[in-house]
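Asks: okay, structure incoming, though there's no sequence with it:
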């Protein structure tokens, strides 16, 4: 049995971030996306790395990003990848996570995608902004950004 004093010793970020991600995914209906109408897409704003990085208080913000899929990670129930978006003065590197929807596109490293989703805070591994995707649209292959 876990006692309260034991919970204080646990890194609360590691406990709360997955709970936050699952909660946000359930709220936005990520389990079964059927696409977004143009009117729904208007609610999403361009992801801005400088604004989002290190600002967990912005969790819940609807964002979209475009760029190549990098370091695709496939698990049984979800997939994750890095997305490198060209932004003013440089690049923004985002962690994108999504459940394995039946209508999700088959992705490979180097595929160009548009991602509409919810900013859910900072990734505990990479330290970068994490986006829980609601919709991913693949539009071919694109060259990897030259950093």
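Replies: Received the coordinates, thanks. Since the structure is predicted, the reported quantities are computational estimates derived from the model, not experimental observations.

Asks: in the sheet, who's paired with the residue positioned nearest the centre of the chain?
Replies: Geometric centre of the chain, nearest residue: residue 131, 2.0 Å, by Cα atoms, centre = their mean. As for beta bridges, residue 131 partners with residue 96, residue 119 under DSSP bridges.

Asks: my guess is it contacts residue 121, does it?
Replies: No - using Cβ atoms under 8 Å, residue 131 is not in contact with residue 121; the gap is 10.1 Å. The way it works is simple: take the backbone N, C-alpha and C, and place the C-beta from them, glycine included.

Asks: for residue 58, what are phi and psi?
Replies: phi -90, psi 0 (degrees, to the nearest 10).

Asks: mind checking how far it is from residue 75?
Replies: With distances taken as Cβ to Cβ, to the nearest Å, residue 58 is found 26 Å from residue 75.

Asks: which one of these two has more residues nearby?
Replies: The neighbour comparison of residue 58 against residue 75 (other Cβ atoms under 10 Å) goes to residue 58, with 16 against 10.

Asks: count of residues packed around residue 37?
Replies: Residue 37 has 8 nearby residues by other Cβ under 10 Å.

Asks: phi, psi of the closest residue to residue 122 other than its chain neighbours?
Replies: Among residues not flanking residue 122 along the chain, residue 56 sits closest, at 6.0 Å (Cβ to Cβ, 6 or more residues apart in numbering). Dihedral angles of residue 56 (phi, psi; degrees, to the nearest 10) stand at phi -60, psi -20.

Asks: looks like residue 56 contacts residue 121 (just checking).
Replies: Yes - at 4.3 Å, residue 56 and residue 121 qualify as touching, with contact defined as Cβ under 8 Å.
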